[in-house]
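Student: I need the structure of the sequence given here:
(one chain, ligands or ions: 1)
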Amino acid sequence: MKLELCGHNEKYALEQSLLTLFPGERPVYGEVTPEDARWAVVTMHENGAQVEFVTEIGYDGKTARCAYAYPLSGDDYEREGQRRHALGLSFFGAAKDALGVTPPWGSLTGVRPTKVALALLKEGGREHADRVLDETYAVTPERRRLAIEAAEAGQKAAEALAPNDISLYVGIPFCPTRCAYCSFVAQSVEKTFAMVEPYLDALCAEIAAAGEMVRDTGLRVKSFYMGGGTPTTLTADQMDRLLTALESHFDFASLAEKTIEAGRPDTITAEKLAVLRDHRVTRLSVNPQSMNDHVLTAIGRRHTAEDIRRAMVEVADAGFPHVNMDLIAGLSEDTPESFRASLDECLTMGADNITIHTLSLKKGSRITLEGTHIPSGEDVAQMLDYAGVTLRKHGYAPYYLYRQKYMSGSFENVGWTLPGAESLYNIYIMEELHGILSLGAGGSTKMVGRSESGDALIRRAFNAKYPKEYMERPEKWRSNLDEFAEFYRKGRS
Ligand code: SF4
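Tutor: Below you'll find the model as predicted:
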């Protein structure tokens, strides 16, 4: 979309609104001309006491305009926030009329709407949070309810944390084949089979060093999560070796949960499940994404719905305390009817957590590159509406949620749980409640603390992205571990 800015340079705030409200559009800056089919002119007027933004949008022949004024007060930082707020609402007002629909999250942009809800809950309780989300941000009723309930779950999890608690993540960046919507760095095992063993050697070296660092720093591992890729791409022996290494280098005495992703049912065998049970895994996450064979083929899965059914019987027989299943609303070839059938079937398979994602159009994914047909925003809305009503009817409640850029219909991803079955790791990471130490290729470590003035302080450190680079450059993960130790030693001194 062509963007013309008049009287300001608020590109960041404008792009956040653009990407949220027009997920398929990319910003192009310049003067709008009569030849442009999709454009926005955003003008700012300011007089010291008040800022006003006027947004005019042209979208495939439809034009809309919205002016929004907001009083200015406080220091420079606060005034900047007020400008961005006014811009967001002005852009939202015009976008709503140009699109002819009300965006579900109103003018809220960003990954974590629960942070806004949580701040409002602390400020004045539930009713206050609901009113401000409605009147100030124009969030729709169902999204307000989602945000407030997820924020309450986050608040509860935060209260149970000790100051030296962290979470540990291990990444296995291999998958049997690559899905059409994937933009992760997961490598297909068909092509990289020979790399798995040396990768595990390198990972075990990092595990040993990380275990020592965590012990020396006086930190406690509260939750453990192994993701990817697809961790169960490993053989039973490889998984046994990896979990044994973790148990011998980390003290898991305070661990509240141990989760392993077994995302692809075609990687699940009774032998691997027995290894996971022997290592006291408390939660297995199986991610069918759809129970419709057309959809599974369209997204590049080389398994059928029948494989999922078989795997889920084996998972149930293995007797994990908790099981999660993931579905995605908005996949190629899916319809509201077939999505409903997928969810209905998942509800019969014994999962006490069900995560409903919305398709996110990632750069570099096959869906984006090939321009594959996907369901409309209205169809995705129907899928999510059905999911919300049905899951609530079956006793599930939302406990964490996040949004991504380029999401179909500008919706969200929501984790639903039966009472007491929440995945704490998901709450910790989404609410940024404590540090996440991430090991392995692509590992993204997050350090969470407080600055001297008491403000939230977040720092990140990234491991090498690809397995080959990770194996060749151990100095990268070594320096990340040093940085992590320094951050937490300083934080407590
Ligand atoms: S299973 Fe996940 S990580 Fe692997 S290819 Fe599919 S989307 Fe990517």
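
Student: now do the phi/psi pair for the residue nearest the centre of the chain.
Tutor: Computing the C-alpha centroid of the chain and ranking residues by Cα atoms, centre = their mean puts residue 402 first, at 5.3 Å. Note on residue 402: its backbone torsions stand at phi -150, psi 160 [degrees, to the nearest 10].

Student: now do the strands in the stretch 1-150 of the chain.
Tutor: Assigned strands in the stretch 1-150 of the chain, in chain order: 2-6, 28-29, 38-46, 50-59, 62-71 (criterion: DSSP state E, counting those that start in this stretch).

Student: quick check: residues of this protein near the ligand?
Tutor: Residues of the chain lying near the ligand by Cβ under 6 Å from any ligand atom: 175, 178, 179, 182, 184, 186, 228, 229, 230, 263, 264. In this view, the C-beta of every residue, glycine as well, is placed from N, C-alpha and C.

Student: packing partners for whichever strand or helix holds residue 166?
Tutor: Using DSSP states H and E, residue 166 falls within strand 165-172. Judged by 3 or more Cβ pairs under 8 Å, 6 or more residues apart in numbering; DSSP states H and E, strand 165-172 is in contact with helix 196-217, strand 220-228, helix 236-249, helix 424-431, strand 436-439.

Student: about what we covered before: pretty sure the residue nearest to the centre of the chain sits against residue 412.
Tutor: Yes: under the criterion of Cβ atoms under 8 Å, residue 402 makes contact with residue 412 at 6.8 Å.

Student: low pLDDT regions in the stretch 201-350 of the chain?
Tutor: The stretch 201-350 of the chain contains no residues with pLDDT under 70.

Student: quick one: the strands in it?
Tutor: Counting by DSSP E, counting those that start in this stretch, the stretch 201-350 of the chain has strands at residues 220-228, 257-261, 283-289, 322-329.

Student: would you turn these into a markdown table with mean neighbour count and distance to residue 108?
Tutor: Below are these laid out as a markdown table (neighbours: other Cβ atoms under 10 Å; distance: least, Cβ to Cβ, whole Å):
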| stretch | mean neighbour count | distance to residue 108 |
| --- | --- | --- |
| strand 220-228 | 23 | 27 |
| strand 257-261 | 23 | 29 |
| strand 283-289 | 24 | 26 |
| strand 322-329 | 24 | 19 |
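
Student: nearest to residue 488, out of the helices and strands packed on strand 165-172?
Tutor: Nearest of the helices and strands packed on strand 165-172 to residue 488, taken as Cβ to Cβ: helix 196-217 at 5.2 Å.

Student: what helices and strands are in contact with that closest one?
Tutor: strand 165-172, helix 236-249, strand 436-439, helix 467-472, helix 474-492.

Student: could you point out which element follows the shortest one?
Tutor: Taking DSSP H and E as the definition, the helix or strand that follows strand 436-439 towards the C-terminus is strand 444-450.

Student: what strands flank whatever helix or strand comes next after that following strand, and is each parallel or antiparallel?
Tutor: Next helix or strand after strand 444-450 toward the C-terminus (DSSP H and E): strand 456-462. Strand 456-462 sits in its sheet next to strand 444-450 (antiparallel), going by DSSP bridges.

Student: model confidence over the partner strand, on average?
Tutor: When pLDDT is averaged over strand 444-450, the result is 92.

Student: pull out the buried residues from that strand.
Tutor: Of all the residues in strand 444-450, those buried under the rule 16 or more other Cβ atoms under 10 Å are 445, 446, 447, 448, 449.

Student: and the angle from that strand to helix 424-431?
Tutor: Orientation check (axes from the mean of the first three to the mean of the last three Cα atoms, to 10 degrees): strand 444-450 against helix 424-431 gives 70 degrees.

Student: start the count at 464, not 1, going forward
Tutor: Done: numbering now begins at 464, and the last item shifts to strand 907-913.

Student: contacts for strand 907-913, please.
Tutor: The contact list for strand 907-913 (Cβ atoms under 8 Å, 6 or more residues apart in numbering) reads 892, 895-901, 919-926, 943, 946-947, 950-951, 954.

Student: wait, residue 862 touches residue 890, no?
Tutor: Yes: here residue 862 reaches residue 890: they are 6.6 Å apart, a contact under Cβ under 8 Å.

Student: re the thing from before, of the residues of the chain next to the ligand, grab the buried ones for PyMOL.
Tutor: The following PyMOL line selects those of those that are buried, judged by 16+ other Cβ under 10 Å:
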select buried, resi 638+641+642+645+647+649+691+692+693+726+727
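
Student: nearest spatial neighbour of residue 609, skipping sequence neighbours?
Tutor: residue 861 (5.1 Å; Cβ to Cβ, 6 or more residues apart in numbering).

Student: turn the helices and strands packed on helix 659-680 into JSON lines, columns for mean neighbour count.
Tutor: Listed next are these as JSON lines, based on neighbours: other Cβ atoms under 10 Å:
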{"stretch": "strand 628-635", "mean neighbour count": "24"}
{"stretch": "helix 699-712", "mean neighbour count": "18"}
{"stretch": "strand 899-902", "mean neighbour count": "24"}
{"stretch": "helix 930-935", "mean neighbour count": "18"}
{"stretch": "helix 937-955", "mean neighbour count": "16"}
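
Student: distance check, residue 879 against residue 512.
Tutor: Note on residue 879: its distance to residue 512, by Cβ to Cβ, to the nearest Å, is 46 Å.

Student: neighbour count winner among these two?
Tutor: More neighbours surround residue 879 than the other of residue 879 and residue 512, with 27 against 8 (other Cβ atoms under 10 Å).

Student: pLDDT score assigned to the closest residue in space to that one that isn't next to it in sequence?
Tutor: Counting by Cβ to Cβ, 6+ apart, residue 859 is the residue found nearest to residue 879 once chain neighbours are left out, at 4.0 Å. Note for residue 859: predicted pLDDT of 98.

Student: show me what contacts residue 859?
Tutor: Counted by Cβ under 8 Å, 6+ apart, residue 859 has contacts 817, 879, 880, 881.

Student: and it, its phi and psi?
Tutor: Torsion angles, degrees, to the nearest 10, at residue 859: phi -90, psi 150.

Student: how close does it sit to residue 753?
Tutor: 19 Å.

Student: go on, residue 542?
Tutor: 47 Å.

Student: the more surrounded of those two?
Tutor: Each of residue 542 and residue 753 has its neighbours counted (other Cβ under 10 Å); residue 753 has more, 26 against 15.

Student: my guess is that one contacts residue 759, does it?
Tutor: Yes: using Cβ under 8 Å, residue 753 makes contact with residue 759 at a distance of 5.9 Å.

Student: what's the distance between the residue nearest to residue 879 and residue 563?
Tutor: The gap separating residue 859 from residue 563 is 32 Å, by Cβ to Cβ.

Student: so who does residue 764 touch?
Tutor: 640, 642, 727, 729, 752.

Student: now do residue 877
Tutor: Per Cβ under 8 Å, 6+ apart, neighbours of residue 877: 609, 613, 818, 819, 861, 863, 864.

Student: so which of these are in helices?
Tutor: Among those, the ones falling in helices (DSSP state H) are 609, 613.

Student: show me which of the contacts of residue 877 is closest to the ligand.
Tutor: Distance to the ligand across these (Cβ to the nearest ligand atom) is lowest for residue 818, with 13.0 Å.
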